[in-house]
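Novice: With the input below, show me the fold.
(one chain, ligands or ions: 1)
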Amino acid sequence: MQTKKLETWYLQHHLKFAFRQTTDPYRIWVSEIMLQQTQLETVMPYYERFLSLYPDVVALSEAQDEALKKCVEGIGYYRRFMLMKKAAIMIVKDYHGIIPDTYDALLALPGIGLYTAGAMMSIAYHQPYGAVDGNVIRILSRQYNIQEDMRQEKHKHVIRKINQSLIEQANPPDYTQAMMDLGRTICKPKNPLCEQCPIAETCQAYELGIQQTLPFMSKLHSVKEIDYIVLVIFSKDGFVLRKRKASLLEGMYEYPQYESESIQHVINMLDDQGIIIDVIGKAVEMQHVFTHQRWHMHIYQCRLIGQKIDTDWQIYREDEINQLPMATAHRKIRRS
Ligand code: SF4
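Specialist: You can find the predicted model right below:
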């Protein structure tokens with residue numbers, strides 16, 4: 001593969017986003033963490049807001065958990081930001097607030113894996129460390145016609161080795177960002193724009209006309225379907241919410257929800273716990289899809305009649321609810 005052609009293309013065509021105009025390791029860290037699980041267009045407003053609230057490592061290390069979650073509400077995979085805060089605390093404690101500039105030190109920080117460490121080392125510190133994500137896997141498996149299953153670590157490792165040899169012949173920041181941009185704009189998963197590709201000449205999959213079939217990925221286990229009864233319970237002081245304890249969306253607020261299809265079953269269960277609710281009207285059905293789960297939410301508006309025991313339920317006013325970090329699946333539920 002001709003890295004020179006790729007870099008020349010990048011310098012002429014690169015996407016002009018704020019995080020492409022900087023070599024500040026903190027800003028690159030923030031952008032790479034956000035972009036890991038989220039589309040670029042979605043990330044931009046979050047990126048700006050995050051930096052205005054937490055402009056540096058020290059500010060992030062001092063962030064209040066709830067404010068931090070609120071800042072990124074709606075972007076998903078919240079755990080990554082809590083890990084960033086943990087890493088920021090370590091950087092303040094162990095490195096006087098300066099992000100370390102060695103690969104091993106970056107990898108030792110919470111939430112920084114091979115990809116993020118490679119991106120930070122190459123973009124911020126101009127060192128030849130590869131950052132292999134889905135874009136790089138797609139481009140290189142097409143360039144070299146690698147037909148192995150890219151869900152398997154051993155095959156990803158082959159891609160990492162190829163990528164490493166390429167970045168060592170290139171200008172690291174330009175190469176890493178060129179691969180990111182090429183994967184996003186030209187070598188797309190479906191309908192790649194091969195006629196516009198700066199490295200089409202060396203692409204084996206293009207020559208064979210099989211670019212759409214690569215990379216090969218074996219089927220994932222199917223999405224788990226879960227039914228929930230969701231209770232939007234109001235009292236004279238506001239609505240009942242609780243903080244999630246499950247690892248998915250941990251720490252985000254939600255309406256009480258129970259894995260069941262039967263409202264009667266939930267009413268009886270609450271009754272046994274000394275909580276009396278009155279259901280008002282019919283269920284509203286909503287769905288929310290995560291990577292491995294699909295929630296079928298049967299939502300009931302309810303009135304709190306009585307509560308004899310302490311629970312993890314708390315009552316919040318409407319204006320307070322708007323300020324709390326809340327799972328998107330529940331934020332879109334209407335209170336009436
Ligand atoms: S020629 Fe097509 S398939 Fe090959 S790297 Fe370029 S865009 Fe991807």
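Novice: roughly how far is stretch 233-252 from the heart of the chain?
Specialist: Its chain's C-alpha centre and that of stretch 233-252 lie 22 Å apart, by CA atoms, centre = their mean, to the nearest Å.
Novice: most centrally placed residue in the protein?
Specialist: Gln37 (3.1 Å; CA atoms, centre = their mean).
Novice: For that residue, give me its contacts.
Specialist: Neighbouring residues of Gln37 by CB atoms under 8 Å, 6 or more residues apart in numbering: Gly76, Tyr77, Arg80. The C-beta positions use only the backbone N, C-alpha and C, and glycine is treated the same way.
Novice: for Asp310, same thing?
Specialist: Shown in contact with Asp310 (CB under 8 Å, 6+ apart): no residues.
Novice: Please, which helix or strand holds it?
Specialist: Using DSSP states H and E, Asp310 maps to neither a helix nor a strand.
Novice: what about the helices in the stretch 101-250 of the chain?
Specialist: For the stretch 101-250 of the chain, the helices defined by DSSP state H, counting those that start in this stretch occupy 103-107, 114-119, 134-143, 153-167, 172-185, 204-208.
Novice: Make a markdown table from those and add mean pLDDT, distance to the ligand and mean neighbour count to it.
Specialist: Listed next are these as a markdown table, based on pLDDT from 0 to 100; distance: least, CB to the nearest ligand atom, whole Å; neighbours: other CB atoms under 10 Å:
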| stretch | mean pLDDT | distance to the ligand | mean neighbour count |
| --- | --- | --- | --- |
| helix 103-107 | 95 | 27 | 16 |
| helix 114-119 | 94 | 20 | 22 |
| helix 134-143 | 97 | 4 | 22 |
| helix 153-167 | 95 | 13 | 16 |
| helix 172-185 | 94 | 7 | 22 |
| helix 204-208 | 96 | 4 | 17 |
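Novice: Let me know which of the ones you listed is the nearest to Val284.
Specialist: Judged by CB to CB, the one of the helices of the stretch 101-250 of the chain that comes nearest to Val284 is helix 134-143, at 35.9 Å.
Novice: elements contacting the closest one?
Specialist: Secondary-structure packing of helix 134-143 (3 or more CB pairs under 8 Å, 6 or more residues apart in numbering; DSSP states H and E): helix 153-167, helix 172-185, helix 204-208.
Novice: Mark which of the contacts of Gln37 are buried, thanks.
Specialist: Buried members of the contacts of Gln37, scored by 16 or more other CB atoms under 10 Å, are Tyr77, Arg80.
Novice: which stretches of the protein form strands?
Specialist: Per DSSP state E, the chain carries strands over the ranges 224-235, 238-243, 253-254, 257-259, 275-289, 293-307, 314-316.
Novice: Export these as TSV, with columns for distance to Met90.
Specialist: TSV is the format used below for those (distance: least, CB to CB, whole Å):
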stretch	distance to Met90
strand 224-235	34
strand 238-243	25
strand 253-254	28
strand 257-259	35
strand 275-289	34
strand 293-307	32
strand 314-316	32
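Novice: Make JSON lines out of these and add mean pLDDT.
Specialist: As requested, the strands of the chain are exported to JSON lines (pLDDT from 0 to 100):
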{"stretch": "strand 224-235", "mean pLDDT": "92"}
{"stretch": "strand 238-243", "mean pLDDT": "93"}
{"stretch": "strand 253-254", "mean pLDDT": "94"}
{"stretch": "strand 257-259", "mean pLDDT": "94"}
{"stretch": "strand 275-289", "mean pLDDT": "89"}
{"stretch": "strand 293-307", "mean pLDDT": "90"}
{"stretch": "strand 314-316", "mean pLDDT": "92"}
